[in-house]
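Student: This is the structure alone, sequence omitted:
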């Protein structure tokens, strides 16, 4: 799906986090009001200390900053935390919360991080701008940038001259460091680079691959492969399926859940070919999980994880027909492992897989990505994954998930190795990395929000 149509990893995060101004604390008993609009001139001072909140367990925040409405997850780039506020992108000091810089953008913007750079995309204005994360200075910008997709080694967009049926279009790849054009290919008016990936987590750009999946023609509904650095066409080619296409390692992959009973049996059909040569590799079936009501999840990673698929390299995490998580090699179809614990994968990274009893309810279990062994189990966080505020983030050091305590939204944080609960915080999950978790909470002295950063 093209970014112009707002993929779930951006849409859901924006919707979820934009609802939280009216959120009450875990210990408050009154009903949750609708989100108010921040008043003009409201205080936006940064870097204030934060006392322990009522209902909180774990370390107090090291700082708290005022925001209007956080549209996507916050991210760490070097020594700054990037905060995507409603009409501006800002960076604050990782240790103090003091402002480093602020840049105004249109309300529809989104952003992606690649290396020490921030790519800001305004889809409606068809503009992209690349910023230095440390200073906020513009490295380069491009206009007429449609359907922008950001990877670690390239920024892709469609560029058109003219309108309607007379438009002449091309797909363009640029070096994220300086905007230098890497290649340009003639393309149809709806041509696009696939924005799906195996592994990675928004807003960080997905892992680098030697090829990228592109759809060049308006008349042929198929994805082909193009070398990232040269634009040279590979021989890999597959029809565009119901779910989508992506490159994993040296493979072009398509996924489709509409071939068996319109997906009611939870079957996911996978087809792979070599991206360079087009040689057929494995084609077969895996399964998605089920909800508490027994319905098919029809996804291989939960929207609230910021991921399209969980896995690493050419290995994909899915579910068996009987409901156990499995790791499948997409080259051969061989099963690297099958978990002894039933459950549905909901989030992960290249070392760990977080599963839940069903896709929307039940206890949590963390599996080792290499072996499938269970590391630990935690109680049901209490928030249905169908809620727009559901989030789950797995890092090398911690796991952060949305939950409810005493019928109030909270964030639970666990140690990756032991499952020990590091903290429980009233509010909504707004981002996490190896040593920190960001939580949104209604500001006490304004109509906006407080963004609290907790370190571990």
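Tutor: Noted; the coordinates are in hand. Quick caveat, the model's predicted, so the values are computed rather than measured. Numbers count the residues shown, from 1 in each chain.
Student: Tell me, how many residues neighbour residue 165?
Tutor: Residue 165 has 6 neighbours, counted by other CB atoms under 10 Å. (C-beta placed from N, C-alpha, C; glycine too.)
Student: and what of residue 378?
Tutor: Count around residue 378 with other CB under 10 Å applied: 18.
Student: contacting residues around it?
Tutor: 363-365, 412, 414, 419, 421 (CB atoms under 8 Å, 6 or more residues apart in numbering).
Student: Which neighbouring residues are in contact with the closest residue in space to residue 396 that isn't next to it in sequence, exactly?
Tutor: Once flanking residues are discounted, residue 396 sits nearest to residue 434: 5.2 Å by CB to CB, 6 or more residues apart in numbering. Contacts were defined as CB under 8 Å, 6+ apart; by that measure residue 434 touches 395-398.
Student: Look up how far residue 416 lies from residue 434.
Tutor: 9 Å (CB to CB, to the nearest Å).
Student: And the helices in this structure?
Tutor: When assigned using DSSP state H, the helices of the chain occupy the ranges 8-18.
Student: which parts of stretch 399-414 are buried?
Tutor: 399-405, 408-414 (16 or more other CB atoms under 10 Å).
Student: Nearest to residue 116 among the residues you listed?
Tutor: residue 400 (24.0 Å; CB to CB).
Student: For the residue most central in space within the chain, give its distance to residue 200.
Tutor: Centrality entry for the chain: nearest residue to the mean C-alpha point is residue 306, 2.1 Å, by CA atoms, centre = their mean. Residue 306 sits 9 Å away from residue 200, going by CB to CB.
Student: Same check on residue 142?
Tutor: Taking CB to CB, one finds residue 142 at 23 Å from residue 200.
Student: for this structure, what are the low-confidence residue spans?
Tutor: 1-52, 258-264, 444-446 (pLDDT under 70).
Student: what about stretch 147-158, start to end distance?
Tutor: 6 Å (CA to CA, to the nearest Å).
Student: Off-centre distance for it?
Tutor: On the basis of CA atoms, centre = their mean, to the nearest Å, stretch 147-158 is displaced by 16 Å from the centre of the chain it belongs to.
Student: cool, stretch 398-405 as well?
Tutor: The answer for stretch 398-405 is 17 Å, by CA atoms, centre = their mean.
Student: Over to stretch 340-354?
Tutor: That offset, for stretch 340-354, works out to 16 Å (CA atoms, centre = their mean).
Student: how about that stretch: buried residues?
Tutor: So stretch 340-354, judged by 16+ other CB under 10 Å, has buried residues 342-350, 352-354.
Student: swap in stretch 185-192?
Tutor: Residues of stretch 185-192 classed as buried: 185, 187-188, 191-192 (neighbour count, 16+ other CB under 10 Å).
Student: So for residue 434 and residue 416, which residues contact both of them?
Tutor: Joint contacts of residue 434 and residue 416 (CB under 8 Å, 6+ apart) are 395-398.
Student: nearest to residue 102, of those?
Tutor: Distances from residue 102 to those, taken by CB to CB, are shortest for residue 395, at 27.0 Å.
Student: out of everything not next to it in sequence, what's closest to that closest one?
Tutor: Nearest to residue 395 is residue 434, by CB to CB, 6+ apart, at 4.9 Å.
Student: Ramachandran angles for the one you found?
Tutor: Here is the backbone geometry of residue 434 (degrees, to the nearest 10): phi -60, psi -30.
Student: ok, it to residue 229 distance?
Tutor: 30 Å.
Student: And residue 235, by the same measure?
Tutor: 17 Å.
Student: I'd like to know the beta-bridge partner residues of residue 452.
Tutor: residue 64, residue 439 (DSSP bridges).
Student: tell me the contacts of it?
Tutor: 50, 53, 61, 63-64, 425, 427, 438-441.
Student: now with 7 Å?
Tutor: Residues near residue 452 by CB atoms under 7 Å, 6 or more residues apart in numbering: 50, 61, 64, 439, 441.
Student: The second one reaches residue 453, doesn't it?
Tutor: Yes: between residue 61 and residue 453 there is a contact at 5.6 Å, judged by CB atoms under 7 Å.
Student: Which one's more surrounded, these two?
Tutor: Per other CB under 10 Å, whichever of residue 61 and residue 453 has more neighbours is residue 61, with 27 against 23.
Student: rewinding a little: neighbour-wise, which of the contacts of residue 378 leads?
Tutor: Ranking the contacts of residue 378 using other CB under 10 Å puts residue 412 first, with 27 neighbours.
Student: From the rest of the structure, what touches stretch 238-258?
Tutor: Against stretch 238-258 from outside (CB under 7 Å, 6+ apart): 1, 194, 196-198, 209-213, 215, 221-223, 225, 236, 263, 267-276, 281, 288, 298, 308, 313-314, 330-331.
Student: hang on, I meant stretch 86-101
Tutor: Contacts for stretch 86-101 (CB under 7 Å, 6+ apart): 46-47, 63-65, 68-69, 71, 76, 79-83, 102-105, 107, 111, 120, 133, 135-136, 453.
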